[in-house]
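Student: What would the 3D arrangement of this be:
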Amino acid sequence: MSVETTQRQVAAPRGRLPFGVYLLAFSLFAMGSAEFLLAGVLPAVAGDLRVSLSAAGALISAFAVGVVIGGPPFAILTLRWPRRTTLVTTQAVFAVSVTAGLLTGDHTVLLVSRFVCGLAYAGYWAVAAVTAVGLVTPERTARAAGVVVSGLSLAMIAGGPAGALLSHFTGWRGGFWGVVALTALGAVLTLVAMPATSGGTEPGLRRELRTMRRPRLWVVYAMTVLSTAAYMVSFNYLAPFLTDVTGVPAVWVPAILALFGAGAFAGLSVGGRIADRWPFAALLLGASGILGVSALLAVLAGNAVAVVPLVALLGVAAFVLNPAIFGRVFTIAAEAPTLAGATTVSAFQLGISLVPALAGTVLNSGAGVAAVPWLGVCLAAAVVPAVLLDRRMSRGR
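Tutor: Just a heads-up that it's a prediction; the model follows:
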C-alpha cells in the first residue's frame, strides 16, 4: 500500500493502536451524530419551518444522497492533498454547513446545507479509513478500520439519541450546535495530534481508476450493500416490532436499542481482531449470524424473553462484518486505496438508503412489521455467495 513512512513510524507498540485511530473514530462520531439526530427532532423541525412532516423528512434524504454520491468525487478532488489537510477541510466544511442550516429558517437553505454536510461527511469517512490504515502495520489493518467504524455505531446508538435529548430541552437546534462543537474540537485535535503527511506520495488518479476496474472489488461492494441493508432493515423497524409484535412497553424500547449498540461494539472488537487473519471466516460468520438471528426474530417475535437478547446478537453479527469488509477493500486496492475506500463508504450508505424502499414493499403488501426480519434473512443469504465468490477469485490469483 502507498502509505507514508512518517505515519508508519508513529504507530503504537504492538497490541495497542495509535491515538490517531481513536481520534478519527471520535470525529466520525461527532459528524455521524448529525445523521441520526434529525429523525428524533423531525416534528419540531417541521413545526418550526412550517412545512409538512414529509417535507422535513426530505432533509434526511438530502444528507443520505450527499453521502452516497459524495465520497468518490471528493476522493478524486483531494487525491493529491495531504491527508491531514483533507480531514480538517472536510470537518470545516461540515461544521460551516451545519451552522448555515441552523442560522436560517428557510427549508430550501437547510435542504442544501444537509446535502453539503453529506458530501463532507462522505469525504471525511473515506479519508479517515485510509488514514487509519496508514497509521498501523499491515497485520492490524482491519482492526484499525473497525475502531474508526465504531465511531459511526456510537453515533447511531448514543450520539443521535443524546442530541435529540439535548434538543428536547433547548429546541431542535441545540443538538446540532453540539455536533458543531464536537466537530470543531475534532478538527483542532487533528491539527495538533495527527501526523503530517505529504500529498505527493499518494497514488495518481490513473492508478486509482485502474484499481477500480478490479472485479473482486465490486464483489466486496455488493456484499457491503447487501449486508448493511440486511441488519439495518431490522434495526430501523425495531421500535414498532418490539411494541406492536413483541408487546414490550414503549418505555423499554430505548434500553433494548442500546443492547444493539452494545452488541455492535462487541462485534467490532471480535471482527477487528479476527478479520486480519481470517477475513473470509469473519465475513461468513457475520452474514450467517445476521441470517440466523433475523430468522429467530421472525419466528420468536412474540416472545420478549427471546427477542431482547436476539437484538444484542444482531448487533454482534452485523458489526463483525465491517472490519473484514474494509480489510478486503484495502487488500484488493492496496496500492491505490483512496478512491476504493471512498466507494466503500458510498456502498455502506447505499445499503442504509435502500432499507425504506425494501421494507416499504413488504409493509405495503399487508405482511406487517413482523415480516420485516424475513427480508433481513433474504439479504443476508445473498451475502454468502458473494463471500464465497470473493474467496474463490482470490485463490485463483
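
Student: buried residues in the host helix or strand of Ala144?
Tutor: Assigned by DSSP states H and E, Ala144 falls within helix 141-154. Residues of helix 141-154 classed as buried: 141-154 (neighbour count, 16 or more other Cβ atoms under 10 Å). C-betas here are computed from N, CA, C, even on glycine.

Student: same question, stretch 316-334
Tutor: In stretch 316-334, counting by 16+ other Cβ under 10 Å, buried: 316-334.

Student: tell me the average confidence for it?
Tutor: Mean pLDDT, stretch 316-334: 85.

Student: Give me the distance from that stretch to the chain's centre.
Tutor: Offset of stretch 316-334 from its chain centre (Cα atoms, centre = their mean, to the nearest Å): 12 Å.

Student: where does the stretch 251-397 of the chain have low pLDDT?
Tutor: Within the stretch 251-397 of the chain, the stretches with pLDDT under 70 are 336, 396-397.

Student: where exactly do the helices run in it?
Tutor: Here the stretch 251-397 of the chain has its helices, by DSSP state H, counting those that start in this stretch, at 253-274, 279-299, 304-332, 337-364, 372-395.

Student: Give me the angle between the second one and helix 141-154.
Tutor: Going back to what we said before, that points to helix 279-299. 30 degrees (axes from the mean of the first three to the mean of the last three Cα atoms, to 10 degrees).

Student: helices or strands up against helix 279-299?
Tutor: helix 215-236, helix 253-274, helix 304-332, helix 372-395 (3 or more Cβ pairs under 8 Å, 6 or more residues apart in numbering; DSSP states H and E).

Student: quick one: that helix to chain centroid distance?
Tutor: Counting by Cα atoms, centre = their mean, helix 279-299 comes out at 19 Å from the chain centroid.

Student: Could you pull out the buried residues of it?
Tutor: Per 16+ other Cβ under 10 Å, helix 279-299 contains these buried residues: 279-280, 282-298.

Student: follow-up on the earlier one: quick one: closest of the helices and strands packed on helix 279-299 to Val355.
Tutor: Val355 lies closest to helix 215-236 among the helices and strands packed on helix 279-299, at 4.9 Å (Cβ to Cβ).

Student: quick one, the closest one and helix 253-274 angle?
Tutor: 160 degrees.

Student: what packs against helix 215-236?
Tutor: The contact analysis (3+ Cβ pairs under 8 Å, 6+ apart) places helix 215-236 against helix 279-299, helix 304-332, helix 337-364, helix 372-395.
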